[in-house]
Structures are given as structure tokens and as C-alpha cells.
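Colleague: The sequence and its predicted three-dimensional model are supplied below.
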Amino acid sequence: MSVSLLGGWFPAMLDVLAAGALIAAVGWRNRNWRWRAVPLIAGATLLLTLLAAYPGAKAAGITDPLPFSVWFWFGIAISALIVLAAGWRTARWWRRGTAVVAAALAALVCANGVNQFVGYYPTIDSAVNDWTNAPLPGQVSMAGLRGGASVKVPAAGRLVAVNIPDTYSHFGHRQELVYLPPIWFVKSAHRHHLPVVELIGGERGGPGDWVRLGNAVQVSDAYAHLHHGFAPILVFADATERFNNDTECVNGPKGNSADHLDQDIPKYVEKTFGASSDPHEWAVAGFSMGGTCALDLVVEHPDVFNHFMDISGDLAPYTSTPAASLHDLYGGNVALEKANEPLLVMRAHGKYTGVNGLFLTSTQERRHQREANELSKAAAKVGIWSRVEVSPGTHVWQFAAPAFATAYPWLVSQFAPPAGRHHETRHTKPA
């Protein structure tokens, strides 16, 4: 079902049903209930909601402030449960049932409020497909590629599921995906030594995010259609191993994510799909945590990657606080932390050759704008050309996807040694 979860009639209907169910569950009942029980329930709800919103959210590792509406509906769900418990003995069976329904609906509205905040599931079918691990559109197995060679350029590329060995990293990653452009399937064409872009998503997600939410396959197919089937190979990488394992793409207590991204993947893609091994033909692009990773991987490993697209990344790998980052990512090893901070890495490395990239951020992300400009200026001092682009939006996939689509032709055009470029900042005015 292509019913929107981010706006429209469905979320509004859930709001009305949840509120109506709570009102029915509370009811008018008797005087004692109205003037004593209900105020106590309201007070308890407020207290529990405040505790969840502040110390509770911090303990759970929630660092970005959630919208008021999320906590409002969280409170409604709590209130329904308290109503159920407080009035259990005197309530009729249907009122008890209504309280359960109110709690469930309010919890659903609360969860979708978080989804609306991050823009992770735009529609009902995208959520269902992800929960059920349904194959992505056009996805095939490695066996499905057999006999795929053609004398003509196919209309579209193919998305293949791959199990990349963790030979170098021993990082227990999930199944990943590789997009092969139309030219790859043409006999006697330049199918070998194609350039490659690794795509990395946010801290909580999976390899399919850039396909489902970032529209990367459609963007690449559209580019290939205008360029005789040519486009880079895309690798939809797993940088986190599981949903709640924020590695920030570094080697540490959470696993050797960096080794997987800069060793396991390049060697496998070069050997299996005949991709180029030239660092001028390799790029990393990412959103949020993936944006941080993109820059970090390029400045630390210019012998593997020469180009980056950092979409709303941080100044350096970061979890919730500086102390937590040092502990969670590096096991308290300060030297290891410094070895993964782009500003320090660039300063220690000195002049780079042939390295360039884009910093893309939105008008609502003031901190990311400041950090992107700081990183871009530092990069210019060591020979890395970059540009900062600011366009309308906020820190959600609904900003990242069109930002990537707009910048994609530039990224593909960089698969050759760049020269004579300098730092530049450009603000894109709202249309």
C-alpha cells in the first residue's frame, strides 16, 4: 500500500481514533472517578512522561530532541494504561477493551511520530517490506546474473544481493547489495574496470536504505539512460552489523567496520565484478552517520578512495557525548580516537593529490553547516578540493535523496584525477 505515513489522511485518522478511544475509556463514570481519579491519572501521566522525555531518553541514548507531539502521544498511551489499571475493578469489559485499544493506537501514533521526524518509512508498504525482509524491487541473487550478457544496452541495471567475505575485518555484517549498471551487461563493452561508489546510511538502518529511501538505483538508471548505459557500480554497504550498533565506520569495540569498508568490499567488488582498483575510480557517499564515514574513509584511505559526498555528516565520529564516544567507539583509547578525527587526520597527512568531494547539508541544520564549512576549509589547506552546498530541508531522508540525485552527475564526472580546484561554498536558494 502506497499510503503515506508522513502526512495525509492515514496519520490524521490514527490521531482521531486514538484520542476518541481514550475519551471512551475514561468515560464520565461517577463523581469520585471524575474529581479524584482522573486528576490523579493526569498527574501520574505528566510525571511519567517527563521522566521518559528527559532522564529516560538520555539513558536510552536518544540525543536528538524529539518533537513535542511524540511525547504527547507517549503520554496518551501511558494515560490509557493507567486508566485501565485504576478503573479495572469498576469498569465494564468494553471499557477495559477500549483502554487497551487506546494505548495501542497512541503507541502507534507515537512511533509514527518518530518516523515522521526522521522520515524513515514514507509509506505503509515500505515499512512492511522492511519488517518482512522482502526483496527490493529488481533484486536478484548472484545465480540470477548468469547468462546476463547482451549485445545491446539493457534498459536498466540490476541489483544483486551479495555475501561479502569478512576476510580482513572479521566484521559480522549483514547481506549487502551491489548495483550493476546497464553497460556491465554488454558484451565486449567497457564492463570491466568500472568506477565504484560505496553508499553508507545512518546509524540505525541497513544496506537497503539507499535503495528504499535514497532512490539511488533510480538515480543511477536515469543517469545511465542518458550516457549510453554507463554509470558506476554502486555498493550498498553494511557499516553497522545490526540496527542498534553505531560503529561510525571505525575499528573498535563495536567491530572492525572500517576494515570491512576499505578492505573487504573493494577487494571483493574488484575480483567479482571486474571493477577498477584505481583510487581515482572509487568514491564514498553517505547520509548522517554515513556522511561522517564518507569523509573519514577518504582522508584516512586516499589509497582506496579519492572522492566523497558527505550529506549532513558530523565533524568527527560521534555517538551521544564526547565521553561516550571515546568509550563506545574506541574503548577509551585517545590515540585511536585522534586517528579517526578528520581535522587531525588531514593535518597529520599533509598534501593530498586528486582527492575531492561535496558537503551537502540543509537549511535547517545550522550545526552541520558550520561543521561542513570548517571541514571544507581545513581540506583546502591540504590540497583537497571541496564545495559546501546548502539547500532547503532538514535532517531526513526526504532531504538526502534529492540532494544525492542533484549531486550524482558531479560525482560520476570526478572519476578522473581532478586538478586546480579550490574551496568553495554555495548556498542554493529555495525555489
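Modeller: Everything's here; your move. If you're wondering where the values come from, they're calculated on a predicted model, not measured in any experiment. Numbering: from 1, shown residues only.

Colleague: Please make it C-alpha for all contacts and neighbour counts, starting now.
Modeller: OK.

Colleague: how far away is the residue nearest to Ala316 when sequence neighbours are not counted from Val334?
Modeller: Once flanking residues are discounted, Ala316 sits nearest to Glu341: 5.2 Å by Cα to Cα, 6 or more residues apart in numbering. Distance of Glu341 to Val334, computed by Cα to Cα, to the nearest Å: 11 Å.

Colleague: Now do the same contact list for Gln414.
Modeller: His307 (Cα atoms under 8 Å, 6 or more residues apart in numbering).

Colleague: So which residues of the stretch 151-300 of the chain form helices?
Modeller: Assigned by DSSP state H, counting those that start in this stretch, the stretch 151-300 of the chain shows helices spanning 209-212, 216-226, 257-259, 265-273, 289-300.

Colleague: and the second one, what's its mean pLDDT?
Modeller: In this model, helix 216-226 has a mean pLDDT of 96.

Colleague: Among Glu341 and Val334, which residue is more densely surrounded?
Modeller: Under the criterion of other Cα atoms under 10 Å, the comparison of Glu341 against Val334 puts Glu341 first, with 19 against 11.

Colleague: re earlier: isn't the residue nearest to Ala316 up against Ser325?
Modeller: No: Glu341 is not in contact with Ser325 according to Cα atoms under 8 Å; the separation is 11.8 Å.

Colleague: Please identify every residue contacting each of those two.
Modeller: What both Glu341 and Ser325 touch, as defined by Cα under 8 Å, 6+ apart, is the set Pro317.

Colleague: center of this protein, which residue is that?
Modeller: Gly202 (2.8 Å; Cα atoms, centre = their mean).

Colleague: got a pLDDT number for that one?
Modeller: We have a pLDDT of 91 for Gly202.

Colleague: Which residue is the nearest non-sequential neighbour of His307?
Modeller: Ala283 is the one closest to His307 (Cα to Cα, 6+ apart), at 4.5 Å.

Colleague: What residues are bridge-paired with that neighbour?
Modeller: Beta-bridge partners for Ala283, by DSSP bridges, are Val197, His307.

Colleague: Okay, buried residues for the top helix by length along the chain please.
Modeller: In the chain, ranked by residue count with DSSP state H as the criterion, the top helix is helix 93-118. Neighbour-count burial for helix 93-118 flags 95-96, 98-110, 112-118 (criterion: 16 or more other Cα atoms under 10 Å).

Colleague: which stretches of this structure form strands?
Modeller: For the chain, applying DSSP state E gives strands covering 139-140, 158-162, 176-180, 196-200, 233-236, 251-252, 255-256, 282-287, 307-311, 356-362, 385-391, 424-427.

Colleague: The first one pairs with which strands, parallel or anti?
Modeller: Just to be clear, that refers to strand 139-140. Applying DSSP bridges, strand 139-140 is found paired with strand 158-162 (parallel).

Colleague: what inclination does the partner strand have with respect to strand 176-180?
Modeller: Here the directions of strand 158-162 and strand 176-180 differ by 150 degrees (axes from the mean of the first three to the mean of the last three Cα atoms, to 10 degrees).

Colleague: and the gap between the residue nearest to the centre of the chain and Thr292?
Modeller: Gly202 is 10 Å from Thr292, where distance means Cα to Cα.

Colleague: Overlap in contacts, the two.
Modeller: Gly286.

Colleague: In stretch 318-325, which of the residues would be classed as buried?
Modeller: 318-319, 325.

Colleague: What is the nearest of those residues to Val3?
Modeller: Of all those, Val3 sits closest to Thr319, with 33.3 Å by Cα to Cα.

Colleague: Next, the contact list for the closest one, please.
Modeller: Residues in contact with Thr319, defined by Cα under 8 Å, 6+ apart, are 246, 248, 325, 328.

Colleague: Apply 7 Å and report the result again.
Modeller: Residues in contact with Thr319 (Cα atoms under 7 Å, 6 or more residues apart in numbering) are Ser325.

Colleague: what's the spacing between it and Phe359?
Modeller: 20 Å.

Colleague: quick one on the thing from earlier: could you save the buried residues of stretch 318-325 as a markdown table and add columns showing pLDDT?
Modeller: Listed next are the buried residues of stretch 318-325 as a markdown table, based on pLDDT from 0 to 100:
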| residue | pLDDT |
| --- | --- |
| Tyr318 | 92 |
| Thr319 | 89 |
| Ser325 | 91 |
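
Colleague: Just put those in JSON lines and tack on distance to Ala156.
Modeller: Shown next, in JSON lines, are the buried residues of stretch 318-325 (distance: Cα to Cα, whole Å):
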{"residue": "Tyr318", "distance to Ala156": "38"}
{"residue": "Thr319", "distance to Ala156": "39"}
{"residue": "Ser325", "distance to Ala156": "42"}
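
Colleague: Show me those residues that map onto helices.
Modeller: Ser325.

Colleague: from the buried residues of stretch 318-325, which is closest to Asp130?
Modeller: When the buried residues of stretch 318-325 are compared for distance to Asp130 (Cα to Cα), Thr319 wins out at 24.9 Å.

Colleague: How much space separates the closest one from Thr292?
Modeller: 12 Å.

Colleague: Same check on Val299?
Modeller: 11 Å.
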